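**Q** dropping a prediction and its sequence here:
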Number of protein chains: 2
Amino acid sequence: MRILTTELATHAGERVSLAGWVHARRDLGSVSFLVLRDRAGLAQIVLDEASELAPEAVVEVEGEAVASPQAPGGVEVREPTFTVLSAPAEPPPVELRRPVLKETLRTQLDFAPVALRHPRRRAAFELAAASLHGFRAALDDLGFTEITTSKLVETATESGANVFGIDYFGRRAYLAQSPQFFKQIMVGVFERVYTTGPVFRAEPHDTARHLAEYTSLDAELGFIRDHFDVLPVVRAVVAGMVEAIQDRAAAAVELLEVELPEVPGEIPWLHFTDTGVDDVDLAPADERRLCEEHGELIFVTGFPMAKRPFYSHPEPDRREYTNSFDLLFRGLEIVTGGQRLHRFDDYVAALRGDTAPYDGYLQAFKYGMPPHGGFALGLERWVARLVGAANIRETTLFPRDLHRLSP
Amino acid sequence: MRILTTELATHAGERVSLAGWVHARRDLGSVSFLVLRDRAGLAQIVLDEASELAPEAVVEVEGEAVASPQAPGGVEVREPTFTVLSAPAEPPPVELRRPVLKETLRTQLDFAPVALRHPRRRAAFELAAASLHGFRAALDDLGFTEITTSKLVETATESGANVFGIDYFGRRAYLAQSPQFFKQIMVGVFERVYTTGPVFRAEPHDTARHLAEYTSLDAELGFIRDHFDVLPVVRAVVAGMVEAIQDRAAAAVELLEVELPEVPGEIPWLHFTDTGVDDVDLAPADERRLCEEHGELIFVTGFPMAKRPFYSHPEPDRREYTNSFDLLFRGLEIVTGGQRLHRFDDYVAALRGDTAPYDGYLQAFKYGMPPHGGFALGLERWVARLVGAANIRETTLFPRDLHRLSP
């Protein structure tokens, strides 16, 4: 019966069976060690003789679990017998045995199937998995229903630019830039909905914070007064993600020395006009400065209409501003949201009468829709801020950009 | 403080506040009723005078909760005052007040944003949401890690046909037909992974069981002996989905009179050569017959290589058959899976040396991969069998097919 490397500590004195990859070998002259990696961690195995086992060979190991203060976890395996399940065809192009990979990010991405095996690389994706769980758990608690939405759409959702075209049975279709239209439609059905999945942006710029595809965590809720009723839901989601990380990814937190944010009962906010920004949107430098001035979690509300999508609800008294918000986390926008228009006539006006491309979507508003709003959180950006990654590609399993479409 | 319609029963004798949509009106001469619909259910409101409120108007209602044996739930609202939050621009094209919609499926799909508001239509998607939860919970319990995978790929995954092409920054890319390559790669990282999300098939046929996009629930695990180690995981997932439906969607089960399957401790299986099928794959009629003969949940194993993808692991002693399986549920294949090849050389042979399009994927096998296998479950098909839907479009929020790309 196989045990995991992290279970070794409770089996001292027993014969044990482990399985995993040959992570590293160490020859100390008189004695040799092999480090075995499995999904849970690493284990030290004392070799009787020099081993022929190549790095990344997949093996089963049987041996004696013996207390040994110098071993990681305090227990090592002695007198091992190995069964090789799979031998690598050639030496890996990434040196996984090092505590921190020394290869460039580009090499790590070129060889992602191997580089992701490194404990530090994969730990970031344990944070992502826990975050997904926390997002859903927080919204389940608030009466939200999960939905799945189509990624093939007739009309660009966010704007005419940055959209991927598809040949759809001989006609033109697009990849959804967000689930925005669908989640609004579904507020008419379930009042409170969420969805997690890929969104697509034909982003022609090469930056450290944009990709052609990322994972968007979306929520939308009806029967709000305005966007200030959405902020507590964002707060609940962020707190839920932090809690899930503590519960489910403690080892990754420790390995990466992640400092989780203290999420206050109410995340503070300030209006766009009080940010000192002279433009219609925040620049990256503004985002950094605002977090320095106001803390690691800060809402900016009331963005100018000029830079928000057509479905944004204006401020009642200043229609050049919107009932919208961004959440900044450690100097980066990770959430964007707001109140949406909910009256059919307001959509007709916002679209200047050119409603034909939006007919399907507009049904929701034509037939009775409550005031509603919602938000989207970029999963990879959130994790990037948690681990302090300089480039979003470090926290994306298989990044897609101007130059990269594989693996 | 707003309460939900389903909470009315515990508030008899109190002043209450509700919110929702005008679902139906009934004039019985001396007295008139309005039925209010919210995300939880329906409530009866006694009107003092004939109401001007149009179907699908969004309202807040305050009134007296009064015990009334004839009212649904035993409590109705009297002496109401209404606040209209949003009035429909025109009468809905679907008559939501009927116990069962009388419009054709085509009309229901054309007007999905309204038709989905019907209690019976939306109930199917409550089953879907609960199933997603059950799928993840079952796999979390078994030590699986959730991943998100790219939908933009360089190479068709399942076969050269039925794939959507994209213009990707001036070069050719495709929409992933499955997360197969990614989940196998990630077995090398986490050993046990799952992912839920859209998959894309440029399905040129108009059938009741195929769509161009559907939600695939995928799992993959390493360190198996063969495909028989995957079957218990499929069983755990199906049992987990049934349990989650019971826990989280009991009202939908009752409304739709769903008979949930009894999932046996071990789901029975039979080999393809014992099915009496004379071809290399099961036809729909075979699937129905096998369930009639063997029960509502039955695995068929050992499909001929001729109809399985190149990464399928052959039977060790009969290489024209594969270590694969389908799960049939009530006459329809809802899961397909199997053991995969795990040795690099076997991939080179299976691809007849033409490995270049698969270079990124093949890294996983080049650098050490354990024996592994997995499966995919079609969410909409599963729900369709649960509710007895004749057409997969009834259990798909926004179906995409040869003719339909909106809403």
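**A** Structure received.
**Q** what segments of chain A are helices?
**A** A:105-110, A:112-115, A:119-141, A:180-190, A:231-248, A:250-255, A:284-294, A:344-350, A:359-366, A:379-387 (DSSP state H).
**Q** what angle separates the fourth one from helix A:359-366?
**A** In other words, helix A:180-190. Here the directions of helix A:180-190 and helix A:359-366 differ by 40 degrees (axes from the mean of the first three to the mean of the last three C-alpha atoms, to 10 degrees).
**Q** nearest residue to the middle of chain A?
**A** Taking C-alpha atoms, centre = their mean, the centroid of chain A lies closest to A:L379, which sits 2.4 Å from it.
**Q** how does chain A divide into domains?
**A** Structural domains assigned to chain A are A:5-86, A:114-395, following automatic domain parsing.
**Q** in the stretch 251-400 of chain A, which residue sits closest to chain B?
**A** Per C-beta to the nearest C-beta, A:G360 is where the stretch 251-400 of chain A lies closest to chain B, at 2.7 Å. All C-beta spots, glycine's among them, are computed from the backbone N, C-alpha and C.
**Q** that residue and A:V153 touch, don't they?
**A** No - if you go by C-beta atoms under 8 Å, A:G360 and A:V153 don't touch, sitting 9.3 Å apart.
**Q** give me the common contacts of those two.
**A** By C-beta atoms under 8 Å, 6 or more residues apart in numbering or on different chains, A:G360 and A:V153 have these common neighbours: A:F181, B:S406.
**Q** contacts only, for the residue nearest to the centre of chain A.
**A** Counting by C-beta under 8 Å, 6+ apart, A:L379 makes contact with A:A128, A:S131, A:L132, A:T196, A:Y214, A:T215, A:S216, A:L217, B:T148.
**Q** how about 10 Å then?
**A** A:127-129, A:131-132, A:135, A:196, A:214-217, A:241, A:334, A:395-396, B:148 (C-beta atoms under 10 Å, 6 or more residues apart in numbering or on different chains).
**Q** repeat for A:W382
**A** A:W382 is in contact with A:127-128, A:131, A:135, A:215, A:217, A:238, A:241, A:327, A:329, A:332, A:334-335, A:395, counting by C-beta under 10 Å, 6+ apart.
**Q** and with 6 Å instead?
**A** A:I334 (C-beta atoms under 6 Å, 6 or more residues apart in numbering or on different chains).
**Q** and A:K307, how many neighbours?
**A** Residues lying near A:K307 (other C-beta atoms under 10 Å in any protein chain shown) number 14.
**Q** same thing with A:F144?
**A** Counted with other C-beta under 10 Å, residues neighbouring A:F144 total 23.
**Q** which non-adjacent residue is nearest it?
**A** The shortest distance from A:F144 to any non-neighbouring residue, by C-beta to C-beta, 6 or more residues apart in numbering or on different chains, is to A:R192 (4.2 Å).
**Q** can you check A:E95 too?
**A** In space, and not counting its chain neighbours, A:E95 is closest to A:K102: 6.8 Å by C-beta to C-beta, 6+ apart.
**Q** again with A:V263
**A** A:A239 (4.3 Å).
**Q** and that neighbour, how many neighbours?
**A** 18.
**Q** surely it touches A:P264?
**A** No - counting by C-beta atoms under 6 Å, A:A239 stays clear of A:P264, with 9.2 Å between them.
**Q** flag every residue of the stretch 301-407 of chain A that's near chain B.
**A** Contact residues, the stretch 301-407 of chain A versus chain B (C-beta under 6 Å from any C-beta of the partner chain): A:342, A:344, A:360, A:363-364, A:366-370, A:398, A:400, A:402, A:405-407.
**Q** filter the residues you listed down to the buried ones, ChimeraX style.
**A** Here is the ChimeraX selection string for the buried members of these, based on 16 or more other C-beta atoms under 10 Å in any protein chain shown:
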select /A:342,344,360,363,364,366,367,368,369,370,398,400,402,405,406,407
